[in-house]
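> how would this look folded up:
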Amino acid sequence: MPVREILLLGNLQLWQPSSAVTDVHATETREIISDLAATLSDFRHRQGFGRAIAAPQIGAHRRILFVKMTDGSFGPAPLINPAIIRVSEETMELWDDCFSFPDLMVRVRRHVEVDVSYLDERGQQQIVAARGDLSELLQHEIDHLDGILATDRAIEARSFALRSQVFKQA
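Sure thing, here's the model as predicted:
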């Protein structure tokens, strides 16, 4: 369960779409899940924030997320082959952050609610109805699996700020 290096903005691998997991019980799948959990925990310890991480962020291009909401509302849990199956019409604007650019915040628009279908680590099909923080988080992480970064979803050219400046204004 090693802590893996997180790929940073500018690394072209971050824009590479991930492949579906075909065997949830495969050694590779188990290792990626374990490494994601360890890397998330390490990042939270060092940086003081973080709720989820996607496999491409550690250079593993498989459709796997690891989520551990800081408020305890979801996880710790891997989501294997997650897919958004429903979105609300209502959207929200927020400052989005990312492990791959920890000092940069990006103003994005996300759906207030999403339903996400995924396989759990036993290979059982699950559906989570997410609202608010969990909804925006799952949209962000699933984007990673599709090779899309929050920087690609910026509302406008002025939608970028340093983390220190966003929280200074709050």
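
> which neighbours does the longest strand along the chain have in its sheet, and in what orientation?
Secondary structure of the chain per DSSP state E: the longest strand is strand 77-87. When pairs are called by DSSP bridges, strand 77-87 turns out to pair with strand 64-67 (antiparallel), strand 113-119 (antiparallel).

> And that strand, what's buried?
Residues of strand 77-87 classed as buried by neighbour count (16 or more other C-beta atoms under 10 Å): 77-82, 84. The C-beta positions use only the backbone N, C-alpha and C, and glycine is treated the same way.

> how about these in TSV, adding distance to Q165 and pLDDT?
Formatted as TSV, the buried residues of strand 77-87 follow (distance: C-beta to C-beta, whole Å; pLDDT from 0 to 100):
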residue	distance to Q165	pLDDT
A77	33	96
P78	34	98
L79	32	98
I80	37	98
N81	37	98
P82	32	98
I84	31	98
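
> Please tabulate those residues in TSV and include distance to I127 as additional columns.
Converted to TSV, the buried residues of strand 77-87 look like this (distance: C-beta to C-beta, whole Å):
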residue	distance to I127
A77	13
P78	15
L79	11
I80	13
N81	13
P82	10
I84	11
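
> In terms of pLDDT, where does A170 sit?
pLDDT recorded at A170 is 54.

> next helix or strand past the longest strand of the chain?
strand 91-96 (DSSP states H and E).

> and that following strand, what does it pack onto?
In this structure, strand 91-96 packs against strand 104-111, helix 133-145, with contacts taken as 3 or more C-beta pairs under 8 Å, 6 or more residues apart in numbering; DSSP states H and E.

> What separation do you get for D97 and F43?
11 Å (C-beta to C-beta, to the nearest Å).

> now do E28
22 Å.

> what's the closest of the strands paired with strand 77-87 to G50?
Smallest distance to G50 across those (C-beta to C-beta): 10.5 Å, for strand 64-67.

> What mean pLDDT does that closest one get?
Strand 64-67 comes out at a mean pLDDT of 98.

> Redo the helices and strands packed on strand 91-96 as a markdown table? Include mean neighbour count, distance to Q165 and mean pLDDT.
Output for the helices and strands packed on strand 91-96, formatted as a markdown table (neighbours: other C-beta atoms under 10 Å; distance: least, C-beta to C-beta, whole Å; pLDDT from 0 to 100):
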| stretch | mean neighbour count | distance to Q165 | mean pLDDT |
| --- | --- | --- | --- |
| strand 104-111 | 20 | 8 | 98 |
| helix 133-145 | 22 | 20 | 97 |
